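my questions concern the predicted model and sequence given below.
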Amino acid sequence: MDKTHDKVWLNCLGIIKDIVEWQHFKTWFEPIKPVGLKDKILTIQVPSQFFYEYLEEHYVNLLAKTLKRELGKEARLEYRIMVDSGNDKNKPLTMDVPGHGFKTYSNNEMDFPLVINNPVKNPFVIPGLKKMQIDSQLNPIYSFDSFIEGDCNRVARRAGKTVAEKPGSTSFNPLVVYGGVGLGKTHLAQAIGNEVKRIHSHKVVLYVSSEKFINQFQDHSRNNAINDFIHFYQMIDVLIVDDVQFFNRAEKSQDALFAIFNHLHQSGKQLILTSDKSPKDLEGVQERLLSRFRWGLSADMQLPDYETRMDILEKKMKNDGLDMPKEVVKYIAYNIQSNVRELEGALISLLAQSSLNKREIDLELAKKVLRNFVKTSSKEITIETIQKMVCDYFNLPYERLLQKTRKREIVQARQITMYLAKQFTKNSLKTIGEHFGGRDHTTVIHSCQTVKDLMDTDGLFRESVVELQQKVQLAAM
Ligand code: ADP
Ligand code: MG
């Protein structure tokens, strides 16, 4: 007759108790609960990840030996880690991981069993799926081929390529790609996924945005199905999570990601994450998650330089079968420096304008289109920026601008500042007034009128204002 898990564990404890010090026994062994025994795998529940790591580090041999005595040499141990002890609304959340220290005692195929307690519901489609039916949610247009390499992204791209060739078996696990908006993080992450599918067709790849992951988690949490959710993700071979900065403030979702991350990582599966900041600067994300993120490689994406911008534009045109004069391409590459998305946006606007107006693309049209484009993508100028510029220009200390004084030079500087604030920001008259020591909107109207009048009558005054206008305009570009 088979022994029960309680009995097996009790016998193990009997031996362990004699070997380890009493205090250690109380700390590390008493809190353990045996929860299952199947096919010579004893599952024990431990209170935390840390607890599990501690046992694996310090007591794995002892555990292996005692368990082997009980169950024979095929004996193996599995941990059920309490990730969240739950409350009256949510069931406790646990995660099952194999005991690594037992590897040598098992036949290798079963080294990393995927433990699924219940049939798993796929949060993306329908319940009752098989592993192979998981749709990767990848967009096939994102490939390595269409992803131009430059100094700005070389490390990330090459690491991505390596990961795609040997998912889970390089030290780039996780691979974290980080950088500002529109620099190609999503493109690269998806290209890795597509490449894995091409080279290793049996691997299960899944791309998910952090928002989607968090939404799914919250749905499952409402339906008391968090375990299903976690188990689904634990089936993935290559998991891509885009924009992990959105996990800030989503505490519970972070716990789920943590459980999934650990399981996948321990099972030799690949994780790819993108973020708008380096893992060390991510705010609102638990330190234990961040420390996991730093286990592998963090590669940043920078702004592309002029050469790379040219390459990207030319590649895009070639892919889309477009043609335009080289000087136009150069003009775009030279003027759009913010990011790749805007570079593409400029190209598309230009094409749209040319076909709408049935006009050839030439430098003149490009200049016209880019003027609009630069305007919409330009920096937001604030009242404070303008105040500082005016103070600089007139050599005034900043505090003086706000002082209640009738000194002409200060009054005029203040009036010009209000006038420029009205012209270059979207702030209301009321808001502008508030930035000048709480003056009301009629004062702002009066100031603007005075400036206009003076510009008409006083040449020198006019020159100053025009010069300042140019400075503000430049700062906004
Ligand atoms: P992010 O996720 O960093 O905000 P995306 O991956 O969405 O940026 O990239 C924005 C756009 O720029 C996409 O259309 C993408 O294909 C393109 N892109 C970015 N980097 C490159 C590159 N190195 N080569 C070609 N296209 C790029
Ligand atoms: Mg993105």
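Looks like it came in fine. Ligands and ions are numbered 1, 2, ... in the order given.

quick check: residues of this protein near ligand 2?
Within the chain, the positions lying close to ligand 2 (C-beta under 5 Å from the ion) are Lys185, Thr186. For every residue, glycine as well, the C-beta is placed using N, CA and C.

show me the strands in the stretch 151-300 of the chain, by range?
Assigned strands in the stretch 151-300 of the chain, in chain order: 175-179, 205-209, 238-242, 270-275, 297-301 (criterion: DSSP state E, counting those that start in this stretch).

generate TSV for these, with mean neighbour count, mean pLDDT and distance to Ile19 as supplementary columns.
As requested, those are exported to TSV (neighbours: other C-beta atoms under 10 Å; pLDDT from 0 to 100; distance: least, C-beta to C-beta, whole Å):
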stretch	mean neighbour count	mean pLDDT	distance to Ile19
strand 175-179	26	96	42
strand 205-209	21	96	44
strand 238-242	25	98	40
strand 270-275	27	98	38
strand 297-301	21	94	41
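
so who does the residue in the stretch 151-300 of the chain positioned nearest to ligand 2 touch?
Among all residues of the stretch 151-300 of the chain, Thr186 sits closest to ligand 2, at 3.2 Å; criterion: C-beta to the ion. Neighbour list for Thr186: Tyr142, Asp242, Asp243, Thr274 [criterion: C-beta atoms under 8 Å, 6 or more residues apart in numbering].

what's the spacing between it and Cys391?
42 Å (C-beta to C-beta, to the nearest Å).

before we move on, back to that, make CSV out of the strands of the stretch 151-300 of the chain and add distance to ligand 1.
Output for these, formatted as CSV (distance: least, C-beta to the nearest ligand atom, whole Å):
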stretch, distance to ligand 1
strand 175-179, 6
strand 205-209, 10
strand 238-242, 7
strand 270-275, 7
strand 297-301, 6
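
just put the ones you listed in CSV and tack on distance to Glu30.
Listed next are the strands of the stretch 151-300 of the chain as CSV, based on distance: least, C-beta to C-beta, whole Å:
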stretch, distance to Glu30
strand 175-179, 39
strand 205-209, 39
strand 238-242, 36
strand 270-275, 34
strand 297-301, 40
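
what ranges do the strands span in the stretch 301-450 of the chain?
Using DSSP E, counting those that start in this stretch, strands in the stretch 301-450 of the chain do not occur.

tell me where the model's unsure across it.
Scanning the stretch 301-450 of the chain for pLDDT under 70 picks out the ranges 372-379.

the residue of it found nearest ligand 2: how many residues sit nearby?
Minimum separation of the stretch 301-450 of the chain from ligand 2 (C-beta to the ion) falls at Arg341, amounting to 9.0 Å. Applying other C-beta atoms under 10 Å, we find 15 residues neighbouring Arg341.

quick check: it touching Val181?
Yes: shown here, Arg341 and Val181 form a contact pair, counting by C-beta atoms under 8 Å, at 7.1 Å.

how near is Ile381 to ligand 1?
24 Å (C-beta to the nearest ligand atom, to the nearest Å).

one more: Ile361?
Going from Ile361 to ligand 1 by C-beta to the nearest ligand atom gives 20 Å.

likewise Gly321?
17 Å.

quick one on the thing from earlier: excluding chain neighbours, give the residue nearest to the residue of the stretch 301-450 of the chain closest to ligand 2 in space.
Gly182 (3.2 Å; C-beta to C-beta, 6 or more residues apart in numbering).

can you tell me which residues contact that neighbour?
Counted by C-beta under 8 Å, 6+ apart, Gly182 has contacts Ser338, Asn339, Val340, Arg341, Glu342.

same list, the residues you listed, but as JSON lines with distance to ligand 1 please.
Below are the contacts of Gly182 laid out as JSON lines (distance: C-beta to the nearest ligand atom, whole Å):
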{"residue": "Ser338", "distance to ligand 1": "11"}
{"residue": "Asn339", "distance to ligand 1": "7"}
{"residue": "Val340", "distance to ligand 1": "3"}
{"residue": "Arg341", "distance to ligand 1": "4"}
{"residue": "Glu342", "distance to ligand 1": "9"}
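
I'd say Ala476 and Phe424 touch.
Yes: look at Ala476 against Phe424 with C-beta under 8 Å: they come within range, at 6.7 Å.

now do the shared contacts for the two.
Contacts common to Ala476 and Phe424, judged by C-beta under 8 Å, 6+ apart, are Ile381.

give me every residue that touches the residue of the chain at minimum distance from ligand 1.
Closest residue of the chain to ligand 1, C-beta to the nearest ligand atom: Gly184 (2.6 Å). Contacts for Gly184 were tallied using C-beta under 8 Å, 6+ apart; they are Phe147, Asn153, Met301, Val340.

what's across from the third one in the sheet?
The one in question is Met301. On the basis of DSSP bridges, Met301 is bridged to Gly179.

any idea how far it is from Ala159?
In terms of C-beta to C-beta, Met301 sits 11 Å off from Ala159.

ok, Glu467 next?
49 Å.

flag every residue of the stretch 101-250 of the chain that's near ligand 1.
Ser146, Phe147, Ile148, Asn153, Val181, Gly182, Leu183, Gly184, Lys185, Thr186, His187 (C-beta under 6 Å from any ligand atom).

any idea which of the residues you listed is closest to Ile199?
Nearest to Ile199 among those: Phe147, at 16.2 Å, using C-beta to C-beta.

can you pull out the helices in the stretch 1-150 of the chain?
Taking DSSP state H, counting those that start in this stretch, the helices of the stretch 1-150 of the chain run over residues 5-19, 22-24, 49-58, 60-71.

could you check the angle helix 5-19 makes with the longest strand seen in the chain?
In terms of residue count, the longest strand belonging to the chain (DSSP state E) is strand 76-84. If you take axes from the mean of the first three to the mean of the last three C-alpha atoms, to 10 degrees, strand 76-84 sits at 100 degrees to helix 5-19.
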